[in-house]
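Asker: I need the structure of the sequence given here:
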Amino acid sequence: MLEHGGRLRRAALEYGIAEEDWLDLSTGLAPWPFPVPEIPLRAWARLPENDDGLEQAACDYYGASQVLPVAGSQMAIQLLPRLRRAGKVGVLSPCYAEHAEAWRRSGYIVREVLEQEVDFFLDSLDVLVVVNPNNPTGLNLTPARLLDWHARLAQRGGWLVVDEAFMDNTPQLSLAPHAHQVGLIVLRSFGKFFGLAGVRLGFVLAERKVLRLLAEQVGPWAVSGPTRVLGQACLRDTEGHTRQRIRSDEASERLAALLERHGFKPQGGCALFQWLITEQAAALHEFMARRGILLRLFAHNSSLRFGLPADAADEARLEQALQAFAKHCSMEKPA
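Answerer: Now for the predicted structure:
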């Protein structure tokens, strides 16, 4: 299993700090969960059905013509390689590590490419995987550029897979309205923007043939009845969407400013996190953890991802810890 953020229970055991005393900034989830609606008893008692309105609610929210609900977009990441024969897959890196892992595990030749290398390698690839906005860098690619890559792949029977897990704040950049085109597959995560990762819900947007083949791999009743009820309520809460976008945009800007005030100007980020490259990444991660603040460490490039503090108290706690780290570092410097 690959390493992920959100391993709060493990951190609590390792550092001897109770779970409820942690400030968990490791996941990139909105820290304001949408309200959970009353779930009718029939949703718990009956097998879920596909014509209950969830698919239509998702089509309306994403601006797509058809969708396939899955138990989290992670499910789709792991199953998509089964729909093709072995070939060459490019993954725009750095990004969410499960993409490259899933294709490698299924026997594909995987090349991790940088943004500036895509045009050089594209014509030798069968599939290109892009996370947009990128996790963890926050890099945003324009729809025009992505659609150009898609056209070059599709004319050879290739795929462009775009993981839009962090796209909810910038729907104008989404490829969802184009996902009916052959060779274009868009993945959307529910849990991050809605702050409800525990329900495990995601959507695949693609042409009908791909969705039908993927549905066969997913199997029946992949999304539970209660999750389908909750998903519809959240996807149709337009006032809640506006409120969540405003407060996450504002919180992300405050977080970037807070980090910069303490000498840690982020190299990237989006509405739900900020990303920092620093040679002190491992030391800062450890220092924060000992104070009950959990960050996401990427050891391979000495970087950290900071999720959003939920309120002024959490921001103050983070700021005090950064001040303490600066003092700690100054005391360790040789005279």
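Asker: Show me how the protein divides into domains.
Answerer: Each structural domain of the chain that the record assigns through automatic domain parsing is listed here as a residue range: 8-33+241-332, 41-236.
Asker: Just give me how far the first one sits from the chain centre.
Answerer: Between the centre of domain 8-33+241-332 and the centre of its host chain there is 17 Å, according to C-alpha atoms, centre = their mean, to the nearest Å.
Asker: Let me have the domains of the chain in TSV, extended by mean pLDDT and mean neighbour count.
Answerer: Using the backbone N, CA and C atoms, a C-beta is placed for each residue, glycine as well. Conversion of the domains of the chain to TSV gives the following (pLDDT from 0 to 100; neighbours: other C-beta atoms under 10 Å):
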stretch	mean pLDDT	mean neighbour count
domain 8-33+241-332	95	17
domain 41-236	96	19
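Asker: which residues in the stretch 201-335 of the chain form helices?
Answerer: Assigned helices in the stretch 201-335 of the chain, in chain order: 208-218, 225-235, 238-261, 281-289, 312-332 (criterion: DSSP state H, counting those that start in this stretch).
Asker: For Gly269, find the nearest of those.
Answerer: helix 238-261 (6.3 Å; C-beta to C-beta).
Asker: and the closest one with helix 225-235, angle?
Answerer: Angle of helix 238-261 versus helix 225-235, following axes from the mean of the first three to the mean of the last three C-alpha atoms, to 10 degrees, is 80 degrees.
Asker: Show me what helix 238-261 packs onto, helices and strands only.
Answerer: Contact analysis of helix 238-261 by 3 or more C-beta pairs under 8 Å, 6 or more residues apart in numbering; DSSP states H and E lists helix 191-194, strand 268-270, strand 273-277, helix 312-332 as its packing neighbours.
Asker: what lines up beside the shortest one in the sheet?
Answerer: This points to strand 268-270. Using DSSP bridges, strand 268-270 pairs in its sheet with strand 273-277 (antiparallel).
Asker: Could you check how far stretch 44-62 is from the centre of its chain?
Answerer: Here stretch 44-62 shows a centroid-to-chain-centroid distance of 22 Å under the convention C-alpha atoms, centre = their mean.
Asker: For that stretch, what is the spacing between the initial and final residues?
Answerer: For stretch 44-62, the first and last residues are 27 Å from each other (C-alpha to C-alpha, to the nearest Å).
Asker: contacts for stretch 36-54?
Answerer: Under the contact criterion C-beta atoms under 8 Å, 6 or more residues apart in numbering, stretch 36-54 has outside partners 69, 196, 221, 223-226, 228-233, 235.
Asker: could I get those as TSV with distance to Ala144?
Answerer: Below are the contacts of stretch 36-54 laid out as TSV (distance: C-beta to C-beta, whole Å):
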residue	distance to Ala144
Pro69	29
Leu196	33
Trp221	39
Val223	33
Ser224	39
Gly225	40
Pro226	40
Arg228	35
Val229	38
Leu230	35
Gly231	31
Gln232	33
Ala233	35
Leu235	27
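Asker: So which of the residues you listed is the closest to Ala326?
Answerer: Taking C-beta to C-beta as the measure, Ala326 lies nearest Leu196 of those, at 35.7 Å.
Asker: That closest one is in contact with Trp32, isn't it?
Answerer: No: at 10.4 Å, Leu196 does not count as touching Trp32 under the criterion of C-beta atoms under 8 Å.
Asker: What residue, apart from its backbone neighbours, is nearest the residue nearest in space to the middle of the chain spatially?
Answerer: Nearest to the centroid of the C-alpha atoms of the chain, with distances taken as C-alpha atoms, centre = their mean, sits Ala165, at 4.0 Å. Using C-beta to C-beta, 6 or more residues apart in numbering and skipping the chain neighbours, the partner closest in space to Ala165 is Ser189 (3.8 Å).
Asker: Fine by me, thanks again.
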